[in-house]
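Participant: got a structure for you, letters missing:
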């Protein structure tokens, strides 16, 4: 397992296992750490457990084992603090955009957190600048293109200043221009990222480290260039070389 001794761990999963109520075992003894500023891809075939793993990062799902984010153990007592540290970005941006305007969507988290009006405006402005959509505050989110919606969904979590971004299939459905814009945006963000994706070209460009998950187990964890050049490894776990 790849770790860093020079940077602090932002997320640590220890012996994490999860079984759904119908008896389906989704995660089996997962041990995974990501250090500050790392961008780590989580890849694998459908049903490998990628989405289940991501939903453990902020306690939407709770399995056996240990989850720590920003040094905090994920417990009932720490649940609110951990969720404030994790920016979860779902595959479908419409799952996150539900307010009348872009401003309202991005402001929702800071308002809910009880920040002052001036702090809310500052957070929204800063988040929109980070995704290079400063002029969109008054726009209606549901009138935007898919690529624009995905960027606004990222802004909604950036407004909460998370330490960890957890992105589920961020490039799904995007045309080449939207995909390129998204990759460039993510390259410029400083947060630690765990990115669940089937897009191995995105992985090559964005993530120096890759974790391959299959049947709920980590079967490989190492430098992206090494793993994605191993055609036998990829084929054995339902992946195709980019």
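Facilitator: Thanks, I have the structure now. Everything numeric here is computed off the predicted structure, so don't read it as measured data. Residues are numbered from 1 along each chain as shown.

Participant: C-alpha only now, for contacts and for neighbours.
Facilitator: Will do.

Participant: gap between the two ends of stretch 61-71?
Facilitator: Distance between the two ends of stretch 61-71: 19 Å, counting by Cα to Cα, to the nearest Å.

Participant: Quick check: residue 33 is in a helix.
Facilitator: No - using DSSP: H, G, I helix; E, B strand; the rest coil, the assignment for residue 33 is strand, not a helix.

Participant: List the beta-bridge partners for it.
Facilitator: residue 12 (DSSP bridges).

Participant: any idea how far it is from residue 160?
Facilitator: Distance, residue 33 to residue 160, using Cα to Cα: 23 Å.

Participant: swap in residue 69?
Facilitator: From residue 69 over to residue 160 the distance is 15 Å, taken as Cα to Cα.

Participant: any chance you could map the helices in this structure?
Facilitator: Per DSSP state H, the chain carries helices over the ranges 50-56, 79-85, 102-112, 117-130, 146-158, 176-188, 200-206, 224-228, 231-236.

Participant: Neighbour count: residue 33 and residue 160, which is higher?
Facilitator: residue 160 (23 against 20; other Cα atoms under 10 Å).

Participant: And the pLDDT for the residue nearest to the spatial centre of the chain?
Facilitator: The C-alpha lying nearest the average C-alpha coordinate of the chain belongs to residue 166 (Cα atoms, centre = their mean; 1.5 Å). pLDDT recorded at residue 166 is 96.

Participant: Out of the helices of the chain, which is the most enclosed?
Facilitator: With neighbours defined as mean count of other Cα atoms under 10 Å, these peak in mean count at helix 146-158, which reaches a mean of 25.

Participant: Show residues contacting that helix.
Facilitator: Here helix 146-158 makes contact (Cα atoms under 8 Å, 6 or more residues apart in numbering) with 87-89, 92-94, 96-97, 102, 105-109, 124, 127-128, 130-131, 141-142, 170, 173-174, 178-179, 182.
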